[in-house]
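>>> Compute the structure for the input listed below.
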Amino acid sequence: MQEQVLSLEQILLALGLDDTSRHLIEQSAVYPGIRKAHTPKDIYEALRTIGTLTGVADRVEILVEPLEERTNIIAHKLKFIEDEQKPTVACVQDLSAPIGTPHNYLDALIRLAGGMPASEIQPDIMIIISDKPVSAVFAELPALLSSPTWATAPAVINNQIFIIQDPQALRRPGLRVADDAEILAEIISSKYFVFGHEGNAWIRFGLA
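Numbering: from 1, shown residues only. Have a look, this model is predicted:
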């Protein structure tokens, strides 16, 4: 997976900014903080800071306001659910690895979407985020899930295995933050949310 720093290229393109603006942002004292933004709140603050630095604050608000509204809907819907009631979620990025790699951006979105990042190999929900073709993932998963490492995981026993199909989804913090939050909310908190991403951005994998 790509490095989990804010996708500055994506933001500059959306705002119609050039390399001069990139240089201005990268040379600013606040750039290290911008680069490390990973929660929705941090991302929105970083975007507004970029808007101020480059003189396009109004343009940034047009981008940020609908994203903020979409993620706030998820947060407000789930705010009364206690942590002990939330399922544990592992995002597996390497099918040869026994557990998902720690990832600040994904961990923040899992919490927003009603889950708890898995700290062990017995997650309630497993989400596969692979750069391999989906057909290759389908071919490799049965052996992985029947291995001693995973076979007794609640996610496997209860058929809670999901594959991310969209090659841009859940990769890096940036302007896709609301899409990414909605994808995870549909998977993790399916009784509360249907945003229409199933079948396009993600699918459920079932062991025969």
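>>> how about stretch 188-208: buried residues?
Of the residues in stretch 188-208, those buried by neighbour count under the rule 16 or more other Cβ atoms under 10 Å are 188-189, 193, 195, 197-198, 201-203, 205. (C-beta placed from N, C-alpha, C; glycine too.)
>>> Out of the residues you listed, list just those in strands.
Cross-referencing those against strands under DSSP state E gives 202-203, 205.
>>> out of those residues, who's nearest Leu8?
The nearest member of those to Leu8, counting by Cβ to Cβ, is Trp202 at 26.2 Å.
>>> give the contact list for that closest one.
By Cβ atoms under 8 Å, 6 or more residues apart in numbering, the contact set of Trp202 is 127, 162-166, 169, 183, 186-187.
>>> any chance of those in JSON lines, with secondary structure too?
Listed next are the contacts of Trp202 as JSON lines, based on DSSP: H, G, I helix; E, B strand; the rest coil:
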{"residue": "Ile127", "secondary structure": "strand"}
{"residue": "Phe162", "secondary structure": "strand"}
{"residue": "Ile163", "secondary structure": "strand"}
{"residue": "Ile164", "secondary structure": "strand"}
{"residue": "Gln165", "secondary structure": "coil"}
{"residue": "Asp166", "secondary structure": "coil"}
{"residue": "Ala169", "secondary structure": "coil"}
{"residue": "Ile183", "secondary structure": "helix"}
{"residue": "Glu186", "secondary structure": "helix"}
{"residue": "Ile187", "secondary structure": "helix"}
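>>> Can I get these in TSV including neighbour count, distance to Glu82 and pLDDT?
Converted to TSV, the contacts of Trp202 look like this (neighbours: other Cβ atoms under 10 Å; distance: Cβ to Cβ, whole Å; pLDDT from 0 to 100):
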residue	neighbour count	distance to Glu82	pLDDT
Ile127	26	22	94
Phe162	23	24	96
Ile163	18	29	95
Ile164	25	28	95
Gln165	17	32	93
Asp166	16	31	93
Ala169	17	28	94
Ile183	26	24	98
Glu186	20	21	98
Ile187	25	20	98
